[in-house]
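*Asks:* sequence first, then the predicted structure, then my questions.
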Amino acid sequence: MAVRVGILGATGAVGQRLIQLLEPHPDFDIAALTASESSAGKSYREAAKWRADSPIPANVADITVGPTEPDAVPSDVDLLFSSLPSSVGAAVEPDFCEAGYVVSSNSSNARMAEDVPLVIPEVNADHIDLLEVQRDDRGWDGALVKNPNCSTITFVPTLAALAEFGLEKVHVATLQAVSGAGYDGVTSMEIIDNAIPHIGSEEEKLETESKKLLGEFDGASLQQNDVAVAASCNRIPTIDGHLENVWLEAADELTPEDAAKALEAYPSVDLPSSPDPLIHVFEDLERPQPRLDRNLGGGMAVSVGGIRESTFGLQYNCLAHNTIRGAAGASVLNGELLLENGYL
């Protein structure tokens, strides 16, 4: 029997992508949708300004949207996916967890909290058991798990694949698509024929979330990785797909050939949304490119190219689809991990 799930913040860009991914999912059945008070009481068809690249699923269009509060969600819903703005998520996600709901959240609030697992299943699936600490500390019957920022999730799997060589310093420059800012985040007059060399709080997210994701969990506490990460984030006029330039200094000798082998061999996980292979490696120095490569692995793969030696150690480029692997798909994958590990 499919797990009944709900979506908090269902009318936004990530909420719509969640609906696209969940409607055909083999294990999940959409049973509840919430949004702002202005949308509550309307059918989803009426409430959502649908912008996704496929029609609203027929079995979702007529669901009545509820307010984003625990009393509005049926008690037999086992899992909630949150795509709420971080300010709203910070206010209401704990209420859902206290009420007994398990929440897989894309919102940025609480990602760095000591008892909240920040998870990429192919990188640190064992961190999910931090939920046991969370439940003991907070007295929750429910639970809260986070996926990282859309730019963090692009390069961290590549770092995990190369960690055997001893990560010391990482410099990353991101070229981020406009969809990462939401439908109304960047106006056409700002971004057409332009690039914006700053994205508020993005640098900090890459620099801190990566250390937590690559850290070690001993069953009681999480020790962050001590790799030094410096980031520069730029918005460019592509629609989807975050491209990133990475410079990596390792403790051990790391040749481009060794790196390519390690990246190609890095495993996926046995969950429906994890692609195989997880990392696509291109020999072509002009790849990956957002338009050509963002949909590899159904939008869940990370692609790497341009691997070469540089003054600062190893240099390469990586790419992932920011609203699938970097947002909605990451939350769905964490939901699958929660189901696999008996948290639902």
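*Replies:* Received it, and whenever you're ready, just let me know what you need.
*Asks:* can you give me the helices in the protein?
*Replies:* 13-22, 44-47, 58-61, 86-98, 121-124, 130-138, 152-162, 188-191, 202-213, 256-265, 290-293, 329-340 (DSSP state H).
*Asks:* other residues contacting the third one?
*Replies:* It stands for helix 58-61. Outside helix 58-61, the residues that touch it by Cβ atoms under 8 Å, 6 or more residues apart in numbering are 19, 23, 30, 33, 43-45. For glycine as for every other residue, the C-beta is placed from the backbone atoms N, C-alpha and C.
*Asks:* could I get the helices of the chain as TSV with mean pLDDT, mean neighbour count and distance to residue 68?
*Replies:* Formatted as TSV, the helices of the chain follow (pLDDT from 0 to 100; neighbours: other Cβ atoms under 10 Å; distance: least, Cβ to Cβ, whole Å):
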stretch	mean pLDDT	mean neighbour count	distance to residue 68
helix 13-22	97	24	11
helix 44-47	96	18	12
helix 58-61	95	13	17
helix 86-98	97	18	6
helix 121-124	98	22	26
helix 130-138	97	17	20
helix 152-162	98	25	25
helix 188-191	96	12	30
helix 202-213	98	21	24
helix 256-265	98	16	40
helix 290-293	98	17	32
helix 329-340	98	25	16
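*Asks:* so which of the ones you listed comes closest to residue 237?
*Replies:* helix 188-191 (4.8 Å; Cβ to Cβ).
*Asks:* not counting sequence-adjacent ones, nearest residue to residue 233?
*Replies:* Setting aside the residues directly before and after it, residue 233 is nearest to residue 202 in space (Cβ to Cβ, 6 or more residues apart in numbering), at 3.9 Å.
*Asks:* most widely separated two among the contacts of helix 58-61?
*Replies:* Largest separation among the contacts of helix 58-61 by Cβ to Cβ: 23 and 43, giving 15.9 Å.
*Asks:* surely residue 85 and residue 9 touch.
*Replies:* Yes - at 7.3 Å, residue 85 counts as touching residue 9 under the criterion of Cβ atoms under 8 Å.
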